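# here is a sequence with its predicted model. Questions after.
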Protein chains: 2
Amino acid sequence: MTAAALSPVPHLTTALQGPLRQIESTLLARQDQIEAWFRQQWSQVPPPFYASVDLRNAGYKLAPVDTNLFPAGFNNLNPDFHALGVQAMQLALERVCPTARKILLVPEKHTRNRFYLENVATLRDLIEQAGFQVRVGTVSPEITEQQEEELPSGRKLLLEAVKRDGDKVGLADGYSPCAVLLNNDLSGGVPPVLDGIEQQIVPPLSLGWGSRLKSDHFQVYSDVVREFAELVEIDPWLIDPKFRNCGEINFKTREGEDCLARNVAALLIDVKAKYDEYGITERPYCVVKADAGTYGMGIMTVSSPEEVQNLNRKQRKGMSSSKEGAEVSQVIIQEGVPTLEELDGKTAEPVVYMVDRFVIGGFYRVHGGKGSQENLNSPGASFERLAFADSCNTPHQELEPDAEPNRFYAYGVIARLALIAAAREIQQSEA
Amino acid sequence: MTAAALSPVPHLTTALQGPLRQIESTLLARQDQIEAWFRQQWSQVPPPFYASVDLRNAGYKLAPVDTNLFPAGFNNLNPDFHALGVQAMQLALERVCPTARKILLVPEKHTRNRFYLENVATLRDLIEQAGFQVRVGTVSPEITEQQEEELPSGRKLLLEAVKRDGDKVGLADGYSPCAVLLNNDLSGGVPPVLDGIEQQIVPPLSLGWGSRLKSDHFQVYSDVVREFAELVEIDPWLIDPKFRNCGEINFKTREGEDCLARNVAALLIDVKAKYDEYGITERPYCVVKADAGTYGMGIMTVSSPEEVQNLNRKQRKGMSSSKEGAEVSQVIIQEGVPTLEELDGKTAEPVVYMVDRFVIGGFYRVHGGKGSQENLNSPGASFERLAFADSCNTPHQELEPDAEPNRFYAYGVIARLALIAAAREIQQSEA
């Protein structure tokens, strides 16, 4: 596939060009200062093994709304930049196995999702091309020995059952990895076979959705943004979504609902004040989602406190279950950032992929049936994925701040701010 | 430009497929072992800032014939893989300026060569996109202040005179770099303005052609190959060109000519023995070239000792001058490795580019008027440059050993062996 055959950058459907140009112009003008700052950050904290960050670009605001430390979707990246991923993978794996060379890749349990298995195959290829041995070890109870999958891309993927031997894991034939690379977000908790093993596990088990909270991440992200915004002299709000959280919520029994409504009201007031400051006339809204969880389950968009009090039975049920059936008990209430990017009239939002400290690509989620305020990553969502036509590390000073390579560069900067937040989270969880 | 628009891999015009498949099959089959070995090497010796390696692929043999530590030609690489260069450049510059961010790029003096200036502009762009400030400081006496060049690509390049202030160099307006990046091979010796400065200079001044010898490089390369060949269990000769050198030679006065003839004779006997071992029926030849120097000046191909004794006046003159008029006084006699790669009936040879420890691309020199035993990089040579259509770090285990990505991978492995040799040379020169 060639760059030319891919989609162009979505059109920004916003009249509020002022602050947007401000963000992108600032990032471009201060590029060397920004990159020096990132170098300094990475000398203080090691980057996560990999991550993907969902961004929302409102024109006046460009902010992350979710940071995934067990990213799927590597198969959706532009194959033209595959070599960039291989190079970054070499650096990431070198940290984990400086001398050894056997990796065990542990995927999600749901082995019937062909798209997800394509992601696993792409990860396997990246690791192999980086010069390591890799085999896919599943913790799915459905697979007790081996199972070969034929994928739509024509690739084959061999899934093998992880075997435990004392304090080590490996495969039935004695394959003994130096490290376990998790591509399983542990929504269902830590599988016993991996608990307490001697080998290094990346990302660490403590960062699985069984224990990690989105609100912790966004709290750290706010700290990172405060430092960064001071450096580049912008209003932190332009790149940081406001959020709140409250204690336990049970949507079925309506326990904790008042606390939620109060926090929604307070957040909307905060956001409205910023809207007024920038002359933004749209109505603020916020997104209520599981504080621990992923996959777009248990997400709702509200623009008044009453909405959370007047949920119907179906909505309550939807908010009560998350991936692998985990009960939603804590929620994060996040400022809604509308995505004002559109491609052929369809709503689009960028997702940025990183390996080690490098942006290796990304894609747009493009959804014809969703509005600018809606979540494009809901379960069963039939969105298209359009790989970024360009890499995110080739800004052009001589082009306009919102020219294609410069917009990709801006995505990459904001995604890397979320990456630093994730790195600090990992450091804290290991301390 | 898209990969599809670029040239395919040259056709190998050799019937001697046996040993070739042996080299490429071995490199592919032992990829993870090879990459682990490279990681171990780079943990012991830092890589050169950058380098390019000229390879010759005889089918039965794949070997470097020249390693340039001040590579020009970055503008000839495939723009599709520019991002790979930016990423590697970040790592290379980070070693040099971990906290600071101003680089002074010092190019060759010949400011009228537009192709060379395109290379300088590409290097400047790579450094800038890696997030550093960069300005081009020339030591050419023709430029006393500033000179802006308009390049065929449409880019502009500002050349400024390097100014010395005590033990530091910079530019007239006070630009004070943390490091000097040399793209000047110092054939004319070390410019006084750079001698003894406080700032770090990469590559080190001692590696300029004023003091470096090709025979030293190939001696170290032989050591590297011995270790590598033991690891992957191949005959070192398959990837190492034999060579000899002798003392001072003066082609005008014919002093040292007998020594040269004796060494040519001895080398040809050595090579013939290897040819017999592998059933290669062609006539061995060797290449006589300046031991210190570049740019294809002062190079001749001989297949008998008599040829060096019967040089005509013009040939003697050609061998007596090298770049910037340096007298050829020491020569290296290197086993000739015929290039059996052909593209549309034209002779082709690969050149591989590396930044830090990463292969970032390469191109083929393609020459319609030269044979398989001739040097394609002679002065004024009107060879074409065809960028590699693929990166060198994406081998495919499931494809044939001589499939396109696997041949590129093999080039990259051999080029990186030469890179390790250069790294050890730098380490020795600094010890």
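In hand now; what should we look at? The structure displayed is predicted, hence computed values, not measured ones. Numbering: from 1, shown residues only, chains lettered A, B, ... in the order given.

# please make it C-alpha for all contacts and neighbour counts, starting now.
OK.

# and the stretch 1-150 of chain A, which of its residues are near chain B?
A:2-4, A:31-36, A:39-40, A:80-81, A:83-84, A:86-87, A:94, A:98-101, A:128-133 (CA under 8 Å from any CA of the partner chain).

# now a PyMOL select for only the buried ones of the residues you listed.
In PyMOL, this line selects whichever of the residues of the stretch 1-150 of chain A next to chain B come out buried by 16 or more other CA atoms under 10 Å in any protein chain shown:
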select buried, chain A and resi 3+31+32+33+34+35+36+39+80+81+83+84+86+87+94+100+101+128+129+130+131+132+133
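
# out of the residues of the stretch 1-150 of chain A next to chain B, which are inside helices?
A:31-36, A:39-40, A:83-84, A:86-87, A:94, A:128-129 (DSSP state H).

# between those residues, which is nearest chain B?
residue A:32 (4.3 Å; CA to the nearest CA).

# where do the helices sit along the stretch 201-350 of chain A?
Along the stretch 201-350 of chain A, counting by DSSP state H, counting those that start in this stretch, helices occupy A:214-232, A:257-278, A:305-309, A:313-320.

# and what of the stretch 51-200 of chain A?
Using DSSP H, counting those that start in this stretch, helices in the stretch 51-200 of chain A cover A:82-96, A:114-129.

# other SSEs contacting the first one?
Translated: helix A:82-96. Using 3 or more CA pairs under 8 Å, 6 or more residues apart in numbering or on different chains; DSSP states H and E as the contact definition, the elements that helix A:82-96 packs against are helix A:114-129, strand A:346-355, strand A:358-367, helix B:82-96.

# show me how chain A divides into domains.
Split into domains by automatic domain parsing, chain A comes to A:3-72+A:211-430, A:77-207.

# so how far is the longest one from its chain's centroid?
Distance of domain A:3-72+A:211-430 from the chain centroid (CA atoms, centre = their mean, to the nearest Å) equals 9 Å.

# and for stretch A:208-217?
On CA atoms, centre = their mean, the centre of stretch A:208-217 falls 12 Å from the chain's centre.

# and the longest helix for chain A?
Assigned via DSSP H, chain A shows its longest helix as helix A:404-430.

# that helix - contacts with which helices or strands?
Short answer (3+ CA pairs under 8 Å, 6+ apart): helix A:404-430 packs on helix A:17-29, strand A:50-57, strand A:62-68, helix A:214-232, strand A:346-355.

# mean neighbour count added to those, as TSV?
Compiled in TSV, the helices and strands packed on helix A:404-430 are given as follows (neighbours: other CA atoms under 10 Å in any protein chain shown):
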stretch	mean neighbour count
helix A:17-29	18
strand A:50-57	25
strand A:62-68	22
helix A:214-232	18
strand A:346-355	26
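
# related to what we said a few turns ago, out of the helices of the stretch 201-350 of chain A, which gets nearest to chain B?
Comparing these by CA to the nearest CA, helix A:214-232 comes nearest, at 14.6 Å.

# packing partners for that closest one?
Using 3+ CA pairs under 8 Å, 6+ apart, helix A:214-232 sits against strand A:243-245, helix A:404-430.

# I'd like these laid out as TSV, including distance to residue A:351 and mean pLDDT.
Below are the helices and strands packed on helix A:214-232 laid out as TSV (distance: least, CA to CA, whole Å; pLDDT from 0 to 100):
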stretch	distance to residue A:351	mean pLDDT
strand A:243-245	20	93
helix A:404-430	9	94
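
# single out the most deeply packed of those.
Most buried of the helices and strands packed on helix A:214-232 by mean neighbour count (mean count of other CA atoms under 10 Å in any protein chain shown) is helix A:404-430; its value is a mean of 22.

# save the helices and strands packed on helix A:404-430 as a markdown table, and put in mean pLDDT and distance to residue B:145 too.
Converted to a markdown table, those look like this (pLDDT from 0 to 100; distance: least, CA to CA, whole Å):
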| stretch | mean pLDDT | distance to residue B:145 |
| --- | --- | --- |
| helix A:17-29 | 78 | 26 |
| strand A:50-57 | 96 | 45 |
| strand A:62-68 | 95 | 43 |
| helix A:214-232 | 97 | 33 |
| strand A:346-355 | 94 | 43 |
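
# coming back round to it: mind putting the helices of the stretch 51-200 of chain A in CSV, mean pLDDT included?
Converted to CSV, these look like this (pLDDT from 0 to 100):
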stretch, mean pLDDT
helix A:82-96, 95
helix A:114-129, 96
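
# closest to residue B:387 out of those?
helix A:82-96 (15.6 Å; CA to CA).

# so which of the helices and strands packed on helix A:82-96 comes closest to residue B:410?
Using CA to CA, the nearest of the helices and strands packed on helix A:82-96 to residue B:410 is helix A:114-129, at 12.9 Å.

# show me what that closest one is packed against.
Helix A:114-129 packs on helix A:82-96, strand A:133-138, strand A:156-161, going by 3+ CA pairs under 8 Å, 6+ apart.

# mind redoing it with 10 Å?
Under the contact criterion of 3 or more CA pairs under 10 Å, 6 or more residues apart in numbering or on different chains; DSSP states H and E, helix A:114-129 touches helix A:82-96, strand A:102-107, strand A:133-138, strand A:146-150, strand A:156-161, strand A:179-183, helix B:31-44.
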